[in-house]
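In: Quick one: sequence plus predicted model below, questions after.
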Amino acid sequence: MSKQDTPEQGMVTLCGVQGCCPTVDFTDPAKVVLKDDFGGQVQLTPEQWADLKAKFAAAPNQG
């Protein structure tokens with residue numbers, strides 16, 4: 001998977017294989033909401049989102 005810069009605004013759809021399209025919602029500046037195709041959702045503060053991104057960026061590349 002290649003790195004791609006995506007603006008963190010509005011709704012970002014992460015379409016994958018077999019019609020799977022999770023979303024990341026940046027419309028509320030106080031939270032970032034990740035939703036899956038099965039009704040599950042995770043709500044993060046902007047600080048938690050930044051921490052999550054930093055941890056993924058620091059992880060060794062496995063692919």
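Out: Received it, and whenever you're ready, just let me know what you need.
In: Can you tell me the element Leu34 falls in?
Out: Assigning secondary structure by DSSP states H and E places Leu34 in strand 32-35.
In: Which elements pack onto that strand?
Out: Helices and strands touching strand 32-35, as assessed by 3 or more CB pairs under 8 Å, 6 or more residues apart in numbering; DSSP states H and E, comprise strand 23-25, strand 41-44, helix 46-58. Every C-beta, even on glycine, is put in place using the N, C-alpha and C of the backbone.
In: okay if I get those as a markdown table plus distance to Cys15?
Out: Below are the helices and strands packed on strand 32-35 laid out as a markdown table (distance: least, CB to CB, whole Å):
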| stretch | distance to Cys15 |
| --- | --- |
| strand 23-25 | 10 |
| strand 41-44 | 18 |
| helix 46-58 | 19 |
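In: Deepest-packed of these, please.
Out: Greatest average neighbour count among these goes to strand 23-25 (a mean of 16), per mean count of other CB atoms under 10 Å.
In: closest one to Val12 among the helices and strands packed on strand 32-35?
Out: Smallest distance to Val12 across the helices and strands packed on strand 32-35 (CB to CB): 4.6 Å, for strand 23-25.
In: ok, what's across the strand from the most centrally placed residue in the chain?
Out: Note on the chain: the residue nearest the mean C-alpha position is Val24, at 4.8 Å, using CA atoms, centre = their mean. Listed by DSSP bridges, the beta-bridge partners for Val24 are Val12, Leu34.
In: Grab the nearest non-local neighbour of Leu14.
Out: Pro22 (4.9 Å; CB to CB, 6 or more residues apart in numbering).
In: ok, the one you found - contacts?
Out: Residues near Pro22 by CB atoms under 8 Å, 6 or more residues apart in numbering: Thr13, Leu14, Gly16, Leu34, Lys35, Asp36, Asp37.
In: Tell me the one of the residues you listed nearest Leu44?
Out: Closest approach between these and Leu44, by CB to CB: Leu34, at 7.4 Å.
In: I'd like to check which residues are in contact with the closest residue in space to Met11 that isn't next to it in sequence.
Out: Excluding the flanking residues, the one nearest Met11 by CB to CB, 6+ apart is Asp25, at 5.1 Å. Contact analysis of Asp25 by CB under 8 Å, 6+ apart lists Met11, Val12, Val32, Val33, Leu34, Lys35.
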